[in-house]
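**Student:** One predicted model, sequence on top.
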Number of protein chains: 2
Amino acid sequence: MSADVLPLADAAIPAALHDARDGLRPAMEAAVARLDDATSAIVSYHLGWTRIDGVPVERGGGKSLRPALAMLSARAAGAPADIGIPGAVAVELVHNFSLVHDDLMDGDTRRRHRPAVWTVWGAEGAILTGDALLALAQEVLLDCASPHRADAARLLAETTRHLVRGQVQDLAFERRAEVGLAECRDMVAGKTGALLSASAAIGAVLAGAPPAIVDALSRFGAQLGMAFQLVDDLLGIWGDPAATGKPVFSDLRAHKRTLPVTYAVTHGGPAGQELAGWLATPADRTGNGSGDDEAALRRAAGLVEKAGGRRWATAEARRRVGAAEDALAAAGMPDGPRAELAALARFVATREV
Amino acid sequence: MSADVLPLADAAIPAALHDARDGLRPAMEAAVARLDDATSAIVSYHLGWTRIDGVPVERGGGKSLRPALAMLSARAAGAPADIGIPGAVAVELVHNFSLVHDDLMDGDTRRRHRPAVWTVWGAEGAILTGDALLALAQEVLLDCASPHRADAARLLAETTRHLVRGQVQDLAFERRAEVGLAECRDMVAGKTGALLSASAAIGAVLAGAPPAIVDALSRFGAQLGMAFQLVDDLLGIWGDPAATGKPVFSDLRAHKRTLPVTYAVTHGGPAGQELAGWLATPADRTGNGSGDDEAALRRAAGLVEKAGGRRWATAEARRRVGAAEDALAAAGMPDGPRAELAALARFVATREV
C-alpha cells in the first residue's frame, strides 16, 4: 500500500490527520530511540525522517491514518486524545513492521517514493528491522500508564496474527489458478482490515471504554479497512504514478489478485474469462521490465473495467464507508469524534493517492 | 544453537526438564492451533511434532530449557509451576521465532537434525512463520489470568528487542576485521542471555513475586545464558556432530566470531594472530563444501586451543555457573526450586549436546 502516508497540503484533509501528526512525532521518536543504533538508523530512514546516509530530512514523514484513528478512538470514548498516543505509536509501528517485511517478500523495490529498506540494507536488515518494530510496538504499549494496557496489547497481538494470516493468503493466491471473491475479501480483512480495526478501537480500549463502544469502533475500522483496500486496488490500476509513488499499472504488472480483479474474473462474463487467461500467463514480479509490455497492461486494465471490476469496486468502497458510519451510529459516543471518524472514512474512500 | 533441545533419555538430566515437557505440550498445542492452517503446519514441523508432509512424529520434540526455567521460576516465587506455563509457552515461542528467522539470515540449512524451515518453505514461509510466532507469544501471555500479565508481556517485548540487537551485532561482526571480547560478550548477552534471563524471571513475574526475587532470577538467567553460549561455542568447534546435529567444525567453517575464537584472537599471542589471519580469509557460509578443507579447519581449531580459547571458555563457563548460583543465594527463595535451578545450570555447563 503506497497510500498509507497521506499528502501534506490539501484543504480537504480531515483535521484529525493534522492533530495526529503533531501529537505523534515526539512519541514515535522516543520509541525508536530505544532501538540499537543500526536498527534505529534503518527505521528513521524507513519512516522518512532521514536519508539513506542518515542526514535528517527537512519535513519528513506524513500524516498517518492509523495513529489518527487511534487518537480519535480515545476521544470517541470520552477521553482526551493523548490517552490514545501509546496506541497510535503501537499501531504505526506494527504497520511499518508489516511494510518492511512485505516489501521484502513481495519484491517491491519502492516505498513512499524511495528505495525500500531491503534494497538498501538487504534481507537481513529488513527482517531484523521488522522484528524490532513488532517487539517495540508491544513494549511502548505495555509501558504506558493505562490500567487497560494489557487489553490493548492483547488486541495488538491478535491483530498481528491476522495480519500475518492475510499475507500468507495473499502470497498463496499468487501461486493459485483460481481465487474466489469471498476468500479474497477474507485476505483483505486480515491484511488491511485487522490493523485499521485495531487502530479504531485501541484508543477506546486504553481509555477503558465499555464493550459496546469498543465493538462499534472495531467494526467501523474493519469496514474502513475494506474501503481503504478497494480504493488502494483501484489506484494500483488506474492511479497516477506521480501521486501514488508506484509504477503505472503496478498491481497488474505483478498479476495481483486484487479485489477488482477478482470480481472481474469471477463475475465478469467473457471479459472476465479473457482476464483470467491473461492472469495465468507469467507475471513480472520484479518490476524490472520483463513480463507484459505497456500495451498488454493497458488491455488488462480495460478487461477489468469491461468486466465490471472498476464499477463494482468503486460502489463497494462507497457501501463500506456507509457501513462504517452505520457502525458508529449504533453506539453512544460523542458527536464530535463520531463526525471526525466519518469524515476520515469519506476522505479515505475518495482519495487519489 | 543446535543444543536448545536437550536429549530425551539421560539419567543426569534434572527433573525440572522432565516436568516441563509434560506440562508444556498441551499448552503449546493450544497456542499453535490459533495460527492459520498454513503457518500452523510449518510450526508443527519446526517444533518436531510432524514431518514435512504433515504426518505426526511418534515421539517428537524434546525437553526445552527455557520452559523449564519459566516453570521453576514460578516455584521459586512460592507459586505452583502451572502459574509459569503461559510464560513457558511464550518464551518457547519467542525462542523458536528467533531460530526460524536466524536460520534464514545465517543460511543454516539444518535445525535439530532436519532441514531448516526456510529450505522447505522458502524465505517467505520462514519470515511469516517467525512473525506469527512472535505475535503468538504475546497473545498467549496476555490471555492468561495472572493480574501481572502486562508486566510479563513487557519483559518479553523488551527481551525481544535485545534478542534482535544481539543478532544485528552478530551479523555485523561477520563483516568486520576485528571484534573485541567485551562487544562479543555484549552480543551474546543480547542473543542468548536476554531470553534465558527472561525465562528465569517470567514465572516469578506472573506469580507477582517481589522485585528482589525477580531480579535474582533475572541475573541467574543472564549468567546461565553466558555459560550456555560458551558451551555451545565449544561444542560448535569440538562437539560430536552425531550428537549436536551440526556438521563438524560448523562454527569454524563459517569463520564465526564466537567467544572462544574471540578470546583466542585477542588474548592468544602468536597463535591468536595466526588465527586472526585465517579468519580474514573468505569463509564458507553456505556449508556446501566451498571454503576451507577439513585440514584447514582442524588447524584453526588447533590454533584456538593453542591460543588458550578452549581453556578460557571452559573455565569461564564454570565461573558463570558459579555466578548464577550466587545470584540465587542472595534472594530469599524456597530451597527446592533453588536447588533445581542450580542443578539445571550445572547440567547446561557440562552437557555434550
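**Tutor:** Happy to help now that I have it. Numbering: from 1, shown residues only, chains lettered A, B, ... in the order given.

**Student:** For the helix or strand encompassing A:Ala323, C-alpha coordinates in PDB please.
**Tutor:** A:Ala323 is part of helix A:309-330, with elements assigned from DSSP states H and E. Extracted C-alpha coordinates of helix A:309-330, given in PDB (Å, rounded to 0.1, in the frame of the first residue of the first chain):
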ATOM      1  CA  GLY A 309     -14.400  -4.700 -11.700                       C
ATOM      2  CA  ARG A 310     -13.900  -1.000 -11.600                       C
ATOM      3  CA  ARG A 311     -17.500  -0.100 -11.200                       C
ATOM      4  CA  TRP A 312     -18.100  -2.800  -8.600                       C
ATOM      5  CA  ALA A 313     -15.000  -1.800  -6.500                       C
ATOM      6  CA  THR A 314     -16.000   1.900  -6.600                       C
ATOM      7  CA  ALA A 315     -19.500   1.200  -5.500                       C
ATOM      8  CA  GLU A 316     -18.400  -1.400  -2.900                       C
ATOM      9  CA  ALA A 317     -15.900   1.100  -1.400                       C
ATOM     10  CA  ARG A 318     -18.800   3.600  -1.100                       C
ATOM     11  CA  ARG A 319     -21.000   1.000   0.500                       C
ATOM     12  CA  ARG A 320     -18.300   0.100   3.000                       C
ATOM     13  CA  VAL A 321     -17.900   3.700   4.100                       C
ATOM     14  CA  GLY A 322     -21.700   3.800   4.700                       C
ATOM     15  CA  ALA A 323     -21.500   0.600   6.700                       C
ATOM     16  CA  ALA A 324     -18.600   2.100   8.700                       C
ATOM     17  CA  GLU A 325     -20.700   5.200   9.500                       C
ATOM     18  CA  ASP A 326     -23.600   3.000  10.500                       C
ATOM     19  CA  ALA A 327     -21.400   1.100  12.900                       C
ATOM     20  CA  LEU A 328     -20.700   4.300  14.700                       C
ATOM     21  CA  ALA A 329     -24.300   5.400  14.800                       C
ATOM     22  CA  ALA A 330     -25.400   2.500  16.900                       C
END
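
**Student:** Pull out the buried positions in that helix.
**Tutor:** By neighbour count, with 16 or more other C-beta atoms under 10 Å in any protein chain shown as the criterion, the buried positions of helix A:309-330 are A:309-310, A:312-313, A:316-318, A:320-325, A:327-328. From N, CA and C alone the C-beta is placed, and that goes for glycine too.

**Student:** Please determine how far the nearest residue to A:Ser146 once chain neighbours are set aside is located from A:Pro337.
**Tutor:** Nearest residue to A:Ser146, sequence neighbours excluded (C-beta to C-beta, 6 or more residues apart in numbering or on different chains): A:Leu206, at 4.4 Å. Applying C-beta to C-beta, to the nearest Å, the value for A:Leu206 to A:Pro337 is 14 Å.

**Student:** ok, residues contacting the helix or strand hosting A:Ala295?
**Tutor:** Per DSSP H and E, A:Ala295 falls inside helix A:294-306. Outside helix A:294-306, the residues within contact range by C-beta atoms under 8 Å, 6 or more residues apart in numbering or on different chains are A:237-238, A:248-249, A:252-253, A:260-261, A:264, A:268, A:271-272, A:274-275, A:278, A:292, A:310-311.

**Student:** quick one: contacts for the nearest residue to A:Pro56 once chain neighbours are set aside?
**Tutor:** Leaving out its chain neighbours, the residue that sits closest to A:Pro56 by C-beta to C-beta, 6+ apart is A:Thr50, at 5.5 Å. Shown in contact with A:Thr50 (C-beta under 8 Å, 6+ apart): A:41, A:44, A:56-57, A:60.

**Student:** any idea how far A:Thr50 lies from chain B?
**Tutor:** Using C-beta to the nearest C-beta, to the nearest Å, we find A:Thr50 at a distance of 18 Å from chain B.

**Student:** now the contacts of A:Thr50: which count as buried?
**Tutor:** A:41, A:44.

**Student:** Tell me the one of the contacts of A:Thr50 nearest chain B?
**Tutor:** The shortest approach to chain B among those belongs to A:Ala41, at 10.8 Å (C-beta to the nearest C-beta).

**Student:** wait, is A:Gly166 part of a helix?
**Tutor:** Yes - counting by DSSP: H, G, I helix; E, B strand; the rest coil, A:Gly166 is part of a helix.

**Student:** what's the neighbour count on it?
**Tutor:** When counting by other C-beta atoms under 10 Å in any protein chain shown, one arrives at 23 neighbours for A:Gly166.

**Student:** What of A:Thr281?
**Tutor:** Around A:Thr281 there are 10 other residues, counting by other C-beta under 10 Å.

**Student:** Determine the three-state secondary structure at it.
**Tutor:** Here A:Thr281 is recorded as coil under three-state DSSP.

**Student:** if I look at it, how far off is chain B?
**Tutor:** 22 Å.

**Student:** mind listing what that residue touches?
**Tutor:** Neighbour list for A:Thr281: A:255, A:292 [criterion: C-beta under 8 Å, 6+ apart].

**Student:** Closest one to A:Gly122 out of the buried residues of helix A:309-330, please.
**Tutor:** Closest approach to A:Gly122 among those (C-beta to C-beta): A:Ala313, at 36.1 Å.

**Student:** before we move on, what SS does the closest residue to that closest one other than its chain neighbours have?
**Tutor:** In space, and not counting its chain neighbours, A:Ala313 is closest to A:Pro260: 3.9 Å by C-beta to C-beta, 6+ apart. Under three-state DSSP, A:Pro260 falls in the helix class.

**Student:** what sits against A:Pro260?
**Tutor:** Contacts were defined as C-beta under 8 Å, 6+ apart; by that measure A:Pro260 touches A:230, A:233-234, A:237, A:304, A:309-310, A:312-313.

**Student:** Test my guess that A:Ala79 contacts A:Ile202.
**Tutor:** No - contact criterion C-beta atoms under 8 Å: A:Ala79 and A:Ile202 do not qualify, at 12.0 Å.

**Student:** Compare those two (neighbour count), which wins?
**Tutor:** Neighbour totals were compared for A:Ala79 and A:Ile202, and A:Ile202 leads with 35 against 19 (other C-beta under 10 Å).
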